[in-house]
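>>> Mind folding the following:
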Amino acid sequence: MAAPTVERVPDKGLRSDSLGLLGNMAIGLSSTAPAYSLAATLGYVVATVHDKAPAMFALAFIPMLMVAVAYRELADVVPDCGTTFTWGSKAFGPWVGWMGGWGLAVSAIIVLANVAEISGVYLFRFLGMPGLADSRWPVTLLGCALIVAMTWVSYRGIIVSERMQNVLMAIQFAVLVIAAVAALVLVYTGHAGEQAATPSWSWMVPSGLDASQVAAAVILCIFLYWGWDACLAVGEETKGSATTPGRAAVLSTVVLLGTYVLVAFAVQAYAGFGTTGIGLNNPENRDDVLTVLGEPVGGAVLAALLLLTVALSALSSTQSTVLPTARGTLAMAVYKAVPDRFARVHPRYLTPSFGTLVMGASALLFYLTLSVFSRNALEDSITSLGLAVAFYYAITAFACVWFFRRTLFSSLRNVVLRLVFPLLGGATMVWAFAQSAVDMVSVDYGETVIGGIGGVFVLGVGMLVLGLPLMIACAVHRPAFFRGETLPRETAPD
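Numbering: from 1, shown residues only. Presented below is the predicted three-dimensional model:
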């Protein structure tokens, strides 16, 4: 079969051929923040589905892999840093594409505020300052300082970012694997304590769960996996931009699956499901079931390493999350969908300078607003994150099907990779969004209630809806894009 024809995309002034496969994967993996994501999410997944957390990680991986394949197929033909915005616009028109780009931006703003908070809390804990870790203003000030610092790193260039992420990712995965293996060895040798549970293959079978449980767990797991698409946003700065980023995205999801299932098995087996002590059903552990195992499993050294790892995980995500969003706004400006100033690229660092600064400032404002008015709202915002992610992942998956519609049945490969996988992945995202949105309306879903409705729903849907007036304002001032005049015409891909 002939290689697909690669579309020419506008030169945006970024530093080309700067990243290899491993460097690209490091940015995608760091954006997911594996250690922090596990610490923040595993307890809630267990609370939702009991011992089926490994099954949920595997189940959520399937649509995630299917969406990653859609990303790869689109990137192979249109290697554009605008990703969802560009592909959605070419497939479904400028209005859908613009909202897809907004969904990505919303996701980044929400997660940046939360990872900055987490990084501040865990750094204080690692330094032996629990009092400061529990105090609002010290954590908030440190979180703000970290957002500013990581925005500066992103501003300075992709090579600086890659080097930092390579180190942080090596630390994360090394500590996670060491902790998981140590916990499993203690379980199988009978030295884990009375609370331990015997690992079972039934943990990998999602049986006995209703639709709401599965949807809630999948939305949580979307947060666990989300971030790998940063691989595609830095595609124009990667060697082999038409193939390497897509391959990195798929490989990243596979690495995450293996890591998450291993750690979930180890944590469930060692901690057990008791309601006291380190048990996973102890409400006091729900916010973090990972680092509480440090002392029992490996003493003070492992306990300190896990605290530091979660802090570094959140810190690396703070920086790597700025990268794709700034490049997304760069693409939107190049195609005349947002003001031209977002198209500014630093002459020396070759980064989207204005977009990077705006991204950091937006996250800073969002973080300060929720920190000052309601810490519970900040927690609920991260719970709502899955809605925005499912929204723009679905647009991308369906865009793949429509973009390649003329050649879907030209080969078995196209049927599977450009029709079946993207269609199923997108449909799963729509189902998870709809089912979770219905559940989130309940006042008991999260920590806040806004206008008699669950705060998680208001924050999640509200942030997406906020994009509508912004899009209309852009349509008034940037009519050429919304008339379809500035986006390259769709070609008939091979």
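>>> only C-alpha atoms for contact and neighbour calcs from this point on.
OK.
>>> which residue sits farthest out from the middle of the chain?
Gly190 (37.0 Å; C-alpha atoms, centre = their mean).
>>> Make sure that residue is indeed in a strand.
No - looking at Gly190 with DSSP: H, G, I helix; E, B strand; the rest coil, it is coil, so not inside a strand.
>>> could we number from 766 for the rest of this?
Okay, using 766 as the starting number, the last item reads as Gly955.
>>> Quick check on it: phi, psi?
Dihedral pair for Gly955: phi 80, psi 20, per degrees, to the nearest 10.
>>> And for the one 3 residues further on?
Here the main-chain torsion angles of Gly958 (degrees, to the nearest 10) amount to phi 100, psi 170.
>>> How about Ile1215?
Torsion angles, degrees, to the nearest 10, at Ile1215: phi -130, psi 120.
>>> Based on its surroundings, how many neighbours for the nearest residue to it once chain neighbours are set aside?
Counting by C-alpha to C-alpha, 6 or more residues apart in numbering, Ile1215 lies nearest to Val1223, which is 7.0 Å off, once chain neighbours are set aside. Other residues lying near Val1223 total 22 when counted by other C-alpha atoms under 10 Å.
>>> which element is the spatially closest residue to Tyr1025 that is not a sequence neighbour on?
Leaving aside its sequence neighbours, Tyr1025 sits nearest to Phe822 (C-alpha to C-alpha, 6+ apart; 6.9 Å). Element membership for Phe822 (DSSP states H and E) is helix 818-842.
>>> all strands of the stretch 1116-1259 of the chain, in order?
For the stretch 1116-1259 of the chain, the strands defined by DSSP state E, counting those that start in this stretch cover 1214-1215, 1218-1219.
>>> ok, Tyr1157 - how many residues close by?
27.
>>> Pull the number of nearby residues for the spatially closest residue to it that is not a sequence neighbour.
Once flanking residues are discounted, Tyr1157 sits nearest to Gly865: 5.0 Å by C-alpha to C-alpha, 6+ apart. Applying other C-alpha under 10 Å, we find 29 other residues in the vicinity of Gly865.
>>> cool, and Arg1178?
11.
>>> Kindly report the same for Met790.
Other residues close to Met790 by other C-alpha under 10 Å number 31.
>>> Point me to the helix or strand that includes the closest residue to it other than its chain neighbours.
Using C-alpha to C-alpha, 6+ apart and skipping the chain neighbours, the partner closest in space to Met790 is Ala1013 (5.3 Å). For Ala1013, the host element (DSSP H and E) is helix 1009-1036.
>>> where's that helix relative to the chain centroid, distance-wise?
Computed by C-alpha atoms, centre = their mean, to the nearest Å, the chain-centroid distance of helix 1009-1036 equals 14 Å.
>>> Report the angle between it and helix 818-842.
170 degrees (axes from the mean of the first three to the mean of the last three C-alpha atoms, to 10 degrees).
>>> Quick one: list the elements packing against helix 1009-1036.
helix 786-797, helix 799-814, helix 818-842, helix 923-953, helix 995-998 (3 or more C-alpha pairs under 8 Å, 6 or more residues apart in numbering; DSSP states H and E).
>>> Check which element follows that helix along the chain.
Helix 1009-1036 is succeeded, C-terminally, by helix 1059-1099 (DSSP H and E).
>>> Helix 1009-1036 and that next one, what's the angle between them?
Computed by the same axes, to 10 degrees, the angle separating helix 1059-1099 from helix 1009-1036 equals 160 degrees.
>>> tell me the mean pLDDT for helix 1059-1099?
On average, the pLDDT along helix 1059-1099 is 87.
>>> Same question for stretch 888-905.
Here the average pLDDT along stretch 888-905 is 90.
>>> That stretch spans what distance, first to last residue?
12 Å (C-alpha to C-alpha, to the nearest Å).
>>> Name the residues that touch it?
Identification of contacts with stretch 888-905 by C-alpha atoms under 8 Å, 6 or more residues apart in numbering yields Glu882, Gly885, Val886, Tyr887, Ala1069, Leu1072, Leu1073, Ala1076, Leu1133, Ser1136.
>>> now, the most widely separated pair of these?
Ala1069 and Leu1133 (28.4 Å; C-alpha to C-alpha).
>>> Could you list the low-pLDDT ranges of the protein?
Scanning the chain for pLDDT under 70 picks out the ranges 766-773, 1253-1259.
>>> ok, now which ones touch Leu807?
Leu807 touches Ala818, Ala1029, Arg1051, Asp1053, Val1054, counting by C-alpha under 8 Å, 6+ apart.
>>> 10 Å instead, please
813, 818-819, 822, 982, 985-986, 989, 1025, 1028-1029, 1032-1033, 1045, 1051-1055 (C-alpha atoms under 10 Å, 6 or more residues apart in numbering).
>>> Give me the buried subset of these.
Among the contacts of Leu807, those classed as buried by 16 or more other C-alpha atoms under 10 Å are 813, 818-819, 822, 982, 985-986, 989, 1025, 1028-1029, 1032-1033, 1045, 1051, 1053-1055.
>>> Touching, Ser854 and Glu1250? I think so.
No - the criterion here is C-alpha atoms under 10 Å, and Ser854 misses it with Glu1250 at 11.6 Å.
>>> unless I'm mixing things up, Asn1141 is touching Ile1215, no?
No - using C-alpha under 10 Å as the test, Asn1141 is too far from Ile1215 to be in contact (11.8 Å).
>>> more neighbours, Ser854 and Glu1250?
The neighbour comparison of Ser854 against Glu1250 (other C-alpha under 10 Å) goes to Ser854, with 26 against 13.
>>> Nearest spatial neighbour of that one, chain-adjacent residues omitted?
Gly862 (4.0 Å).
>>> how about the closest residue in space to Thr1040 that isn't next to it in sequence, phi and psi?
The spatially closest residue to Thr1040, leaving aside those adjacent along the chain, is Asn1047, at 4.1 Å (C-alpha to C-alpha, 6+ apart). As for Asn1047, its main-chain torsions (degrees, to the nearest 10) stand at phi -80, psi 110.
>>> Contacts only, for Asn1047.
Gly808, Ala812, Phe1038, Gly1039, Thr1040, Thr1041, Val1054.
>>> For the residues you listed, which PyMOL command selects only the ones that are buried?
Only the buried entries of the contacts of Asn1047 go into this PyMOL selection, using 16+ other C-alpha under 10 Å:
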select buried, resi 808+812+1038+1054
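>>> Let's have the contacts of Asn1047 in a markdown table, adding distance to Leu1115.
Formatted as a markdown table, the contacts of Asn1047 follow (distance: C-alpha to C-alpha, whole Å):
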| residue | distance to Leu1115 |
| --- | --- |
| Gly808 | 41 |
| Ala812 | 46 |
| Phe1038 | 51 |
| Gly1039 | 53 |
| Thr1040 | 53 |
| Thr1041 | 53 |
| Val1054 | 41 |
